[in-house]
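A.B. asks: what's the 3D shape of this:
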Amino acid sequence: MQNSEEKVVAVIMVGGPTKGFPMVHHPISACKRIPNLAQIFLIGFYEQRELALYVSSISNELRVPVRYLKEDKPHGSAGGLYYFRDVIMEDAPSHIFLLNCDVCCTFPLSDMLVEHKRYGGMGTVLVIKVSAESANQFGELVADPITNELLHYIEKPETFVSDLINCGVYVFTPDIFTAIQDVSTQREDRGYNALIDWSYYLIPVYAVCLALKPSNWQQVV
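C.D. replies: Numbering: from 1, shown residues only. Coordinates of the predicted model:
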């Protein structure tokens, strides 16, 4: 039984148009099926005026508040999420979905949320098995075969690491913001750029491979 007080928000990193619709239309429509969805945020580098009409239209069509947040500079997925943390947390959501809009798939988001709650970690990432020949085009990861806990992640490695790849779809608890802050601080203390990606996170993240097959998943490049 769903908690009537529970709220979920979705954050989508936006890209360009495809086939007459903005590319972001596909994940927005999928997010509509998430239980207790309170709001959808779009994060990108486009000017507000370029998306204003579309955002208003899709909000009315789906009857879900959709809001565009313009970055002052590229922050990356983790950095963009953290940069707008106060806005994202306005409704005090219990869970936060993060999707890259250059992914086209069946988006099993409701099932993913169920699995995420079952694992009990800070985050869950949607993964898929691909051929060893094509794996290095994506972020490869190694997960514990028993618990599914993420053990290792590397973005587009030069040598084969794993046939499990990151689909660019995540669900997190709000604790993710503390984790991002901690890693960013550590990198700044060591003289590195604070701009970070997911490969730096040694946090309780689990890999879930649902009913998603190569035939119904692709990354638009």
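
A.B. asks: pretty sure Gly121 is touching Thr147, no?
C.D. replies: No - under the criterion of CB atoms under 8 Å, Gly121 is not in contact with Thr147, lying 9.5 Å apart. For glycine as for every other residue, the C-beta is placed from the backbone atoms N, C-alpha and C.

A.B. asks: helix, strand, or coil at the residue nearest in space to the middle of the chain?
C.D. replies: Compute the mean C-alpha point of the chain, and by CA atoms, centre = their mean the closest residue is Leu98, 2.5 Å away. What DSSP: H, G, I helix; E, B strand; the rest coil gives for Leu98 is strand.

A.B. asks: so who does it touch?
C.D. replies: By CB atoms under 8 Å, 6 or more residues apart in numbering, the contact set of Leu98 is Ala10, Val11, Ile12, Met13, Ser77, Leu81, Val169, Tyr170, Val171, Phe172.

A.B. asks: secondary structure element for the fifth one?
C.D. replies: If I follow you right, that is Ser77. helix 76-83 (DSSP states H and E).

A.B. asks: quick one, helices of the protein?
C.D. replies: Assigned helices in the chain, in chain order: 25-31, 48-62, 76-83, 85-88, 109-119, 176-189 (criterion: DSSP state H).

A.B. asks: could you identify which of those is most buried?
C.D. replies: Of all those, helix 25-31 has the most neighbours on average by mean count of other CB atoms under 10 Å, namely a mean of 21.

A.B. asks: so what's the gap between that one and the chain middle?
C.D. replies: Chain-centre distance of helix 25-31: 13 Å, with CA atoms, centre = their mean, to the nearest Å.

A.B. asks: which residues does the residue nearest to the centre of the chain bridge with?
C.D. replies: Val11, Tyr170 (DSSP bridges).

A.B. asks: same thing with Leu126?
C.D. replies: Going by DSSP bridges, Leu126 is paired in beta bridges with Val208.

A.B. asks: quick one: it and Leu164 touch, right?
C.D. replies: No - the criterion here is CB under 8 Å, and Leu126 misses it with Leu164 at 10.7 Å.

A.B. asks: looking at these two, which is more packed in?
C.D. replies: Taking other CB atoms under 10 Å, Leu126 and Leu164 do not tie; Leu126 has more neighbours (25 against 22).

A.B. asks: quick one: the more buried one and Gly79, what's the gap?
C.D. replies: Distance, Leu126 to Gly79, using CB to CB, to the nearest Å: 21 Å.

A.B. asks: what do you get for Val161?
C.D. replies: 24 Å.
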